[in-house]
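Asks: one predicted model, sequence on top.
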Amino acid sequence: MTALFSYLIFPGFLFSALVGLMACWVDRKVSARIQWRVGPPWHQNFTDILKLSFKEIVLPRGAGAVFLLSPALGFLAAVLTATIVGNAFVTPGQAFVGDIIVVLYLLIIPAAALIIGASASGNPLAAVGASREMKLVMSYELPFILSMIAVIVKCGGALRLGEIVAWQLNFGSNIVSWSGALSFIAAIICVQAKLGFAPFDASEAEQEIMGGVLIEYSGFPLAVFRLTRAILVYTLPLFLISLFWAGNTGVLVILGKYIVLLVVIILIKNTNPRLRIDQAMRLFWGPVTLLAIAALVLALLGK
């Protein structure tokens, strides 16, 4: 019963969806203020999801079960990730060995669901978006994993998120060390790409390929994709806090850190132009990977 509550209510589906949709509203509101607009009311994202859920589902010709099941695959992976990361703060002692590795695998699934769904739609613009998303995933996963390995090494080989949080409570946040700071910079750039935010939004690129991977989705499946992204907007900054900035785990302190990270992500999104996919690949396989390698070397040296 406790496990069911954890996955469905707190810190799982219901809590992560509510916080994620509010975080997306903060994104829209801050973006609007940067552009000298008022922005939407707080309930706009909830209204959008509700309206989409009751709209007609239009299936492209030839699309089958894979096209409809892909949103559910990404959604379930996002909810599981939110639950595991949330439990690292709520019940750190009950974390299972290797949960950080499970999180790394789960975080690939929402992007894979986009690729699979777009490929199954049969739309040439969706195929272009899927190709771009696939190249982006292959680019940012290497530096992201290297950043996580640097944290594991820094924390004495801990493979539980709860242990990493506890280590920082005893010895201070990883972000204040050289290895932690460098790996954090690499990780937050990768998180920007995982969220599909500018400058790494080439797979959707509404002005170029009319939504790309999502062009054929409508109604409830599109609402599921939007909700999945909202959950990731909640989960990924919290994941970074657990790895790099967990020196104090008070509720208000974590909320403040989360808001700071969210605003940083929003500012990056609103102050950088979209990169071409080849530019994004060069960035991740070049400077970002070198940054993550330098962080790993420093972690091995105890810095």
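Replies: Here it is on my side, so go on. Residues are numbered from 1 along each chain as shown.
Asks: Phe225 and Gly219, how far apart?
Replies: Distance, Phe225 to Gly219, by CB to CB, to the nearest Å: 11 Å. Using the backbone N, CA and C atoms, a C-beta is placed for each residue, glycine as well.
Asks: need the pLDDT of Ile164.
Replies: We have a pLDDT of 92 for Ile164.
Asks: er, Met1 actually
Replies: 61.
Asks: residue ranges with poor pLDDT in this structure?
Replies: Under the criterion pLDDT under 70, the flagged ranges of the chain are 1.
Asks: residue boundaries of the helices in it?
Replies: Remark: helices assigned in the chain by DSSP state H are 2-8, 13-34, 44-53, 65-90, 99-106, 109-121, 124-154, 161-171, 178-194, 206-209, 219-244, 251-271, 277-283, 289-300.
Asks: now tabulate those helices in JSON lines and tack on distance to Phe200.
Replies: As requested, the helices of the chain are exported to JSON lines (distance: least, CB to CB, whole Å):
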{"stretch": "helix 2-8", "distance to Phe200": "30"}
{"stretch": "helix 13-34", "distance to Phe200": "15"}
{"stretch": "helix 44-53", "distance to Phe200": "21"}
{"stretch": "helix 65-90", "distance to Phe200": "17"}
{"stretch": "helix 99-106", "distance to Phe200": "18"}
{"stretch": "helix 109-121", "distance to Phe200": "11"}
{"stretch": "helix 124-154", "distance to Phe200": "6"}
{"stretch": "helix 161-171", "distance to Phe200": "25"}
{"stretch": "helix 178-194", "distance to Phe200": "4"}
{"stretch": "helix 206-209", "distance to Phe200": "14"}
{"stretch": "helix 219-244", "distance to Phe200": "13"}
{"stretch": "helix 251-271", "distance to Phe200": "9"}
{"stretch": "helix 277-283", "distance to Phe200": "6"}
{"stretch": "helix 289-300", "distance to Phe200": "15"}
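Asks: save those helices as JSON lines, and put in mean neighbour count too.
Replies: Listed next are the helices of the chain as JSON lines, based on neighbours: other CB atoms under 10 Å:
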{"stretch": "helix 2-8", "mean neighbour count": "13"}
{"stretch": "helix 13-34", "mean neighbour count": "19"}
{"stretch": "helix 44-53", "mean neighbour count": "16"}
{"stretch": "helix 65-90", "mean neighbour count": "21"}
{"stretch": "helix 99-106", "mean neighbour count": "18"}
{"stretch": "helix 109-121", "mean neighbour count": "23"}
{"stretch": "helix 124-154", "mean neighbour count": "21"}
{"stretch": "helix 161-171", "mean neighbour count": "19"}
{"stretch": "helix 178-194", "mean neighbour count": "23"}
{"stretch": "helix 206-209", "mean neighbour count": "13"}
{"stretch": "helix 219-244", "mean neighbour count": "24"}
{"stretch": "helix 251-271", "mean neighbour count": "15"}
{"stretch": "helix 277-283", "mean neighbour count": "17"}
{"stretch": "helix 289-300", "mean neighbour count": "20"}
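Asks: closest one to Leu59 among the ones you listed?
Replies: When the helices of the chain are compared by CB to CB, helix 65-90 sits nearest Leu59, at 7.1 Å.
Asks: which secondary structure elements does the closest one sit against?
Replies: helix 2-8, helix 13-34, helix 99-106, helix 109-121, helix 161-171, helix 219-244 (3 or more CB pairs under 8 Å, 6 or more residues apart in numbering; DSSP states H and E).
Asks: between these, which gets nearest to Ala186?
Replies: Evaluated over the helices and strands packed on helix 65-90, closeness to Ala186 peaks at helix 219-244, with 10.8 Å, by CB to CB.
Asks: any idea of the angle the closest one forms with helix 251-271?
Replies: Angle of helix 219-244 versus helix 251-271, following axes from the mean of the first three to the mean of the last three CA atoms, to 10 degrees, is 120 degrees.
Asks: what angle separates helix 219-244 from helix 65-90?
Replies: Comparing the axes of helix 219-244 and helix 65-90 via the same axes, to 10 degrees yields an angle of 30 degrees.
Asks: now for the spatially most distant residue from the centre of the chain: which residues touch it?
Replies: Distance from the centre of the chain peaks at Arg61, with 31.3 Å (CA atoms, centre = their mean). Neighbouring residues of Arg61 by CB atoms under 8 Å, 6 or more residues apart in numbering: Gly122.
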